[in-house]
Every structure is written in structure tokens, then in C-alpha cells.
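>>> Starting from these lines, generate the structure:
(3 chains)
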Amino acid sequence: MGNNALSRRNFLAGTSVLFVAGVATACSSGSSSSSTAGSKVTLTQWYHAYGEKGTQQAVERYASEYTKANPDIAIKINWIAGDYETRLNSALLSSDAPDLFELGDFRAANVKSGRLAPLDDILAPVKSDYAKAALDTATVNGKVYGVKMMDDVMMLYYRKSILAKAGVTPPQTFPELVAAAKKLTTGNQKGLFIGSDGVGDIPYLLLWSNGGDLVDPSGKTVTFASPEGVAAIGGLKDLNSSGALLQGFTTDWFDPSALVQNATAMQWCGLWAMPDIKKKFGDDFGVIPWPKFGDAAAPAVRVGGWYHLVNAKGKNVEAAKKYVDWLWIQQTALQKDWCVSYGFHIPSRKSVAAQTTEFSSGPAQEAAGFSQQYGHSFPAVWNKTTTTAFIQAATKIAKGGDAAGELASAAKTCQIELDHQNA
Amino acid sequence: MPSATPTRRTASRPAGGAPPRRRANWRAIGAFALLTGPMVIGLGVFKYLAIGWSFLLSFNEARGTLTPGHWVGFDNYAFLLKDDSFRSSLWMIVGFTAFIVPVTFVLSLALAVGVNSVRRGRAFFRTTFLLPAAVSYVAASLIWKMALFNGLPSGIANALGGLFGMHVQPWLSSTDPPLYWFVIVTLRLWLQVGLYMILFLAGLQSIPPHLYEAAALDGAGRWKTFRSITFPLLRHTNAAILMLVFIAAFQAFDEFFNLFNTGQAGNASAPVRPPLVYLYDSALGDQNYGVGSAGAFILTALIVVVTLVQGRLAGFGRKD
Amino acid sequence: MARTSTSRRESSGGRWRKTGRSPVATVLTYTVLGLLSVVFLVPFYIIVRNSMMNTDQVTSLNWSWLPSPATFSNYRDLFNDPSLPFGHALWNSLVIAVITAPVATMLGSMAGYALARIDVPFRGAITVFIVGTLMIPASVTFVPTFLVVDALGGVNTRWGIIAPGLFNAFSVVLFRSFYQRFPPDLEEAGRIDGLGYLGVYARIALPNSITMIASLGALSFIESWNAFLWPLVIGQDPSSWTAQIALSTFLTSQTINLPGLFAGAVVTIVPLALMFLVAQRFIVQGITASGLKD
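Numbering: from 1, shown residues only, chains lettered A, B, ... in the order given. Got it, this is the predicted structure:
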């Protein structure tokens, strides 16, 4: 702490802040680091706080296993609760920046600000083991900057017995979905839950399920205001005026409570909720992708998941890359442990996914199939600004706004943002 | 009333400070510096350094970096003022302020006077009204969203509405009529009224009781006593609280952010987004610090202008 | 001193009776206050009720007045989770608030007094300097402030969480307005006794502003206790988490631990309620400026 003067001068001069980082690390007490005694290098690794029990202990175990094999390198885990991205973004600007971190949706802006180290060399031997989309999303100007850790697929859950009782088959098209939702609405039970606001993530699914996309493959032009987009997102209006949507439920779409409490017969939710739903209903549930909008298009699911990244401005970029290589490329047993021993995620490596028994039958297997067949992810240029413009337009359309006009004006806002990002 | 006048005059005339002895000026400066020094230095380090930095950034394209270096002049300001959703957030916050400020002010003053006027149970009422201040916005928003104003027939608001023949409403996503305002306003009042009530109470406590006794001898009624003694004597408290309520209204963030938060998508589907939610998304969400800072200064300018106009209108800025 | 303050309390308690209040008005006041109290307390009832329910009960479609069966395991789980040091987080919050509230209030009182009562040439400029910080939204200057504190080595430390919160223009404004109304003859009496500016402040102004200090101290305690964004960013290490940060771990992007959240809310509200009860006595008994004059 006696080095404040020095650190301030360094800081003001904008030079290396190596020293301060050391001081700050030394100041933090009782941290959850593995043994650092005798290690030459300590890497700081950030995870967001996973909700599942045992995950924090798991990543710490991985870290100490690595230190056992490589006594020179210690890993200090920071388990970040709350608003992960806000904290990460501030920390990356500061002297106490992590060497390694994960990120929910890959963002190209981080490459542009020079924060990410390319990982092509460690990915090269196993590239074919990943889905193309997982690599493409993390690719900027021909270089790959992130290793996908796991896939979280989002899809439509339905209650088999309720559909059977009402004489409804799982819907294959959007009009069938609306009709089914209406038919399944009785008393306190609504037909469909897509989010407490009646919008949720569904605008994306509608767009994708009619062959549209948010931006073109180059990431330079906004494309969601296309005729396909206007027609499909206009479908939100039908859903909202059907009287079959559950709205204002106590929890939102990413929590399975609405389905579990019998408040709805169908719910859009994530793979992560499957253990809870299974616990409650046993085999009395099924999953389908979001139905295709018209006959010409294909169904869609959203694939999220986390990427592991290396801070290019860290002190030990090579050591950090070596650790990523060890954990997320070589240690397939640990990857499997991570994905299925605590929560429920699809391993991003096809070979690892093949080793799991969890995804070899039933709805889980179907879900893994959807992600291969119908999966869509947000493009790397998609951020808060574009999300807000797009979803605000969709919300207005859901309440009866003019789809073409709203989407065109949102597209204009998004295009300005893209132009800035690509400038 | 007459005995109160000199106090007011001495206090508010800029040149009429306490010591009449002019030659003690250096001692006054010394004392002033000692008393204000810690605050001035603290604000200088923790606020003004950041404010100056942000101001510089507002003229730069600063994405993912806090290092100014890409000068763009007034581009960020122009972008925001041209952006429909930012402009509408400014209009929204002006309307919201115009409504919430008088309501908060009158309610908390009324509560303070009411609580102060009862003989028994004063401590109970005071604690009850202040207690919500102990609840964080996150917890309070969850209660409002999940229990009071959920869209289920069993929700409290819907159950009460049912008694009056209202249909079940999804309160937060109802835009026609905009029922979400009712949720926002009740949440804000519940959390804040107690705070201001306590400040008014502290002001009321320091009104000399003999003034009330004199008024009683003159046979003044309650309303007249309030108008001619309580309110005028709370003048400085009123002005200070009014300003704080104003600024708090313009900087409204937490209830909007938490009530409409839908997890990963954030606040995108919210029917109303105040400027700070917009700026939070730009600066802390997208790390677009240039636009975020520019927006903060546009909002600041609006706050300064409105505070000055309001001060004029309410007569608090008038010289005696 | 003791005598005068007692006599004042009696008179202030009875002031409205002397203004000739009718029994009808009394009943009306109590009725309105009573109804409002119920409205104000309902959300607390829900928080406490939910804290004794499991997720199924909380999200149930049917309303229930009381949890059946009630469970206290939420509270047990709260303190028994090895990955979530909730007890330690409560301790951190307490230490931070106990330091912040008195120091921030004193600094506010000092500055507020000087701005109200000591006439120096640049007083207006200093006032604008201090009050001006209220007008600029903190959430946007937030990241630069983080870098300033980082440069001073404050990340992951308690003082890093505390320091920026000590300088609160809010309390300066309120103290200034309070001291502006302070009777000048009291100060004059002190000067005649040979007190300097600081002496007048410490011996006369300060003891006569206990009501204000208790009120603003309580508010400052609340603010520090409920602070979220700043401790979130500064306290990256679990050892420096505050109770609010620990609570926020129940709200992740994919799962919400509702029972934990409500039980945690109860546990974080109770210390504040206790603090109010202590502060109450001072707010009620605060010696008003006029008390000394008699």
C-alpha cells in the first residue's frame, strides 16, 4: 500500500501498471486461489457465478490439477456474482484485469479494442470438432478469438398429456402454434408462455423461422427489416391478441416455474431447465424447435453458451493460452464433467458430446439435435444498442404497431451502430 | 411570525453572514477552509476527476477504452439528439418529474405534519413510514412485480381490482391504458416518501414552539397555522428537499431498471426507458463511453436548467 | 440544559392541542395514518411470508395468506452455503456502514455549516462546486471513478468501497439549509464567550443539530447498506462482498433462487430496522435551536 505515489504516477503517465496489479492482488485477502506458494506465475481467471451447485468447486479443482502438473503456474479463480459483464468490462480497463475470462455472447468489439488474443494455434488441431457456427461467431478478420465451452440451446417445452387431452399435436408451423395455444387455454391455464412481457426472445425466433437473419454474413449490413422479417415479426401481434399468452407471471421465460406450476401448457425455455421439469413431470413433457413461420422456411432454436477468452493485454498471454489449451482443448474428461455433472449443457466439442450418456436419449438428445440442425446464434456485432432497438420495435409491433415502419426505423439505428463498429 | 423574520433575513442574504467583524476575515477563511476542505478535496478526487474525464470522453469516439484519442467534436451529442429513443426518454423524464415531484413533496410533508401532530404512537408511525427505505430496489421491485402487480388473478392488485369489477391485467406490460405507471409510481413513493418525511420532521422539530402558542392565542386554526408558521419556517428545508426530489426524479433509474429487467435481454422490452437506463446500456453495456458521457452531460444540462427555472418559479431563488 | 430540553419536549408534544384541535380531527388523523401504515406494511408481510416458502409455493398460482407448511430452511441455507459467505458479507456491510454513516455525516455537517454561516468571498463558488456534483448522474462517471480508485490501489479493499461514499453533497445541501435557519443570537452568545469560528461550530452549532445529524446519519447508513453498483465493481473478491452483493448471487441470468432472495432480504432489512429504532430517540429528542434560548 506504500506504493500509491508510484502507482499514481504510472497511471497518470499511462505507462505500464504492472506494479499496481501486484499490489492490488496482494491486498485482496482470503481469496479463493489455489496454492500460489512457489509458483512463478499467477493467472487470474474469471467466471460468472453459475447457479448450479458444485460449479465453483469444480473450476477450482481444475485449476489446482493444472498447478499440480505445472508447478510454475498458479490459477486464481474469481467467481463473479451479479452483473458479470459490467464488472468484467470495468476490470478489463483497470490494472487488475484478469488474464483469462469467459463471455456469454462473443462480442467483436473486444477484438477491435485489442483486448483479445487470437487462439488459432491452439484451436488448429481440433477445429473440425466444433460446429461451424461456434467458430464463425468468434472469428474476426480470419482469426479465431474464443474457445466455445458449452452450448445452451433454447426451445419450446410442451406437456404431452395436456396436448393429448385437448387433441392437439405438437405444432409444426406458426399458425398451428397460435391455434394450439388458443385451444390449450382453459381457466387458469394459458396455452403458451414466451416471457412475462409477451415478447421475450421470440422476435428473433420468428425472424429466423422465416428464413430471415439479423445481419448479413459479413456483419456489415442489417437485414432484419426484410419482407420475411416484417411478415414473421408481425406474427407477434397474432400471439399477443390471441388471449392465449401467459403474461405477467411471477418469473420470466428463462425460469421453468410457469410450466412447473401448470400456469401454461407450452413454454419457451432453455436446456438448463430440463432437470427441474423432468423432476416434476417425469416423461410427461416434450420439446420442439420454434415452428417454421411458413411452409417454405425451417424451424429455429437459439444457441447460446459461453466462450473462453484470453486477455491480450495481460502479463502472461502465453501462459494463459497454455492453460486454455490444457483445460478446454486437451482435458476432454474435465469438459464433460463441467457440462453434465452439475448443470445441463451440451459440450461444444462433438467428440465430447458423443461421450456423454445424458444426451443419448429422450428430450435431451432431441435438444442436441435441434442445436445442430436448426441452431442460430447472435452475431458478434450484436450488442445492447442493437438488441434494444430491435426488441423495442418488436414490442411495439406486438401491441399493434406497424411492422414495416417500426422495423425499418430500428434497422436504421442498428445500421449506424454497425457502421461505428466496423469503421 | 414577526420573530421569525430576522432569522430568515440574516441567513439568506449572501453578504449577511454571522460575524460582523470584518477584520477577522483571515480567520474566517481559515475556518471555512478547514470545514469545507475535506469535502472539497474528496469530491475533487472522487467526482471531479471522473467528471472531467467523462467530459473529455464525450468529445471522443471511446469504445472499449477510456483513453481519449479519437476526437470527434460534437458527434456524440449530435447522435444522441438525433436519436428518437434518447429524445423520447428526455421527454418522458420531464413529464415524470413534473408529476412525481409535487406528489412526493406533498405526500412526505403531509406525512411529517401528520406524524408530528399525534401524541401517541408517533414513534410507531415514523418507523413504519421510514421502514421501506431499508429495502433495496432489487428486493422491492421483485415484490411489486411478483406479488402485488403480477398478471395472475391471484395477484393483490388484480384481486383488489376484481372487487371493483376490473378484468385481470398484466400490469407491467399493459400499454393501453399504461397501467405500468401505477406500478412505477407506487414503488417509488413507497421507497422514498419516508426518507423525505424524516427530513421534514427534522425541520419541524426545530420550529420554536412558542410561535405555535402565540398562534393558538390568536385563535388561528390548523390550516392557517400551517400556512403562516409551519410552511414559511420550513422554507430552507423546503427548498433543499425540493431540489433533491427534483434531481432524484431526473436521475430515476433503479425502479425502471429492475421492474422491466427480463434477464439477458435487459430492459429492451420496457414500455418506458428513462435517460439513465439508456445511458447505462451505452456506457456499461456496450462500453460506448463517448456516447454515454455525452448523454450524461445532456441530462445534466437539462437538470441545471429545470432546477433554475423551478427555483425562480417557486420563488426560492428570490432575494429577500 | 437538561431542564430546558425537557420543557420543550412537553410543549412541542402538546402544541396542537393548544391550537384547539377537535376530537374529530384527531380521529381522522389516526384513521388516515393507520390506513397508510397498513399499506406501507403489506410488502413487508409478503417478504416475510415468501421467506418461509419454497419456490413452488412462491410461484404458485393460488394466493395463500400464510405459508403452509412454513419452512425456516431458507434461513439455514443462507448461512450454510460454503460458496456464499453470507455471514461475512453482512459483517462487511456493517463495518462499511458504521464507518461511512458518522464520517459522511460529520463531513456534511462541517461543510454545510461553513457554507451557511461563514462569509468568505468565494463561498458561492464553493457551494456550486459541491452542489454541482448532485446534478451529474453518477452511473456514467462511474467507470472513470473506478479507474481513479484503482490507481489509488482501492480495488478489492474495504476502503475502496467506503471512500467515495464519504463525500456526499446531498447531506451538505440539507445541513446548509438547516444551518441557514440557525438563530444568529446563539452564535453571537458563543462569540461573546470568546469562541472562534471553529469553537462556535463545535460547541454551539454541532450540539444543536443532533436531530439533523441523527436523521442524515440514518439516511447515510441506509444508503451505504443498500449500495449496490459500486461495491459490486470494487469488491470483486468474495472476501470483500457486501450483503447486497451476496444477495445478487441469487439472481443469475438463468436461475433465480427466490427463497434465498427473500430470506436474504429479511436478514438485510432487520439490522436497518434496529438502527432506526436507535436513531429514533435522537430524532425525537433532538434539542432544537430554540431550546437553548429560554
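>>> what about the helices in the stretch 1-150 of chain A?
Using DSSP state H, counting those that start in this stretch, the helices found in the stretch 1-150 of chain A span residues A:4-13, A:18-27, A:55-69, A:84-93, A:109-112, A:120-123, A:132-137.
>>> so where is chain C shaky, pLDDT-wise?
Counting by pLDDT under 70, chain C shows low-confidence ranges at C:1-21, C:83, C:140, C:252-255, C:283-294.
>>> and with 80 instead?
Within chain C, the ranges that satisfy pLDDT under 80 run C:1-23, C:59-64, C:68, C:81-84, C:138-142, C:229, C:235-238, C:248-256, C:277-294.
>>> For chain B, what's its nearest residue on it.
C:Asp119 (2.7 Å; C-beta to the nearest C-beta). For the C-beta atoms, the positions are set from N, CA and C on the backbone; glycine is no exception.
>>> can you tell me which helix in chain C is longest?
helix C:86-117 (DSSP state H).
>>> buried ones in the helix or strand following that helix?
The first helix or strand that comes after helix C:86-117 along the chain, using DSSP states H and E, is helix C:123-135. For helix C:123-135, the buried set under the neighbour-count rule, 16 or more other C-beta atoms under 10 Å in any protein chain shown, comprises C:123, C:126-127, C:129-135.
>>> any chance of those in a markdown table, with distance to chain A too?
Shown next, in a markdown table, are those (distance: C-beta to the nearest C-beta, whole Å):
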| residue | distance to chain A |
| --- | --- |
| C:Arg123 | 31 |
| C:Ile126 | 25 |
| C:Thr127 | 29 |
| C:Phe129 | 22 |
| C:Ile130 | 24 |
| C:Val131 | 28 |
| C:Gly132 | 24 |
| C:Thr133 | 21 |
| C:Leu134 | 23 |
| C:Met135 | 24 |
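>>> Considering those residues, which is situated nearest to B:Gly155?
Among those, C:Leu134 lies closest to B:Gly155 (C-beta to C-beta), at 37.1 Å.
>>> give the contact list for the closest one.
Counting by C-beta atoms under 8 Å, 6 or more residues apart in numbering or on different chains, C:Leu134 makes contact with B:243-244, B:247, C:169-170, C:173.
>>> ok, now with 10 Å
B:47, B:243-244, B:246-248, B:251, B:300, B:303, B:307, C:168-170, C:172-173 (C-beta atoms under 10 Å, 6 or more residues apart in numbering or on different chains).
>>> Name the nearest residue to C:Tyr75, ignoring sequence neighbours.
C:Ala263 (5.1 Å; C-beta to C-beta, 6 or more residues apart in numbering or on different chains).
>>> Got the phi and psi for the one you found?
phi -60, psi -40 (degrees, to the nearest 10).
>>> What are the boundaries of the helices in the stretch 1-150 of chain B?
B:5-12, B:25-43, B:49-57, B:75-82, B:84-117, B:122-130, B:137-143.
>>> coming back round to it: quick one, what contacts the residue nearest to C:Tyr75?
C:47-48, C:50-53, C:71-79, C:86, C:247, C:250, C:257.
>>> so, in contact with chain B or not, stretch A:310-317?
No. Using C-beta under 10 Å from any C-beta of the partner chain, we find that stretch A:310-317 stays clear of chain B, coming within 11.0 Å at best.
>>> pLDDT (mean, whole number) over that stretch?
The pLDDT scores in stretch A:310-317 average 91.
>>> how about that stretch: buried residues?
Neighbour-count burial for stretch A:310-317 [16+ other C-beta under 10 Å]: A:310-312, A:314-316.
>>> Redo the helices of the stretch 1-150 of chain B as a markdown table? Include mean pLDDT and mean neighbour count.
What follows is the helices of the stretch 1-150 of chain B, written out as a markdown table (pLDDT from 0 to 100; neighbours: other C-beta atoms under 10 Å in any protein chain shown):
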| stretch | mean pLDDT | mean neighbour count |
| --- | --- | --- |
| helix B:5-12 | 38 | 16 |
| helix B:25-43 | 92 | 18 |
| helix B:49-57 | 91 | 21 |
| helix B:75-82 | 94 | 17 |
| helix B:84-117 | 93 | 18 |
| helix B:122-130 | 87 | 20 |
| helix B:137-143 | 85 | 22 |
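>>> now for these, which one comes closest to A:Tyr66?
helix B:137-143 (36.4 Å).
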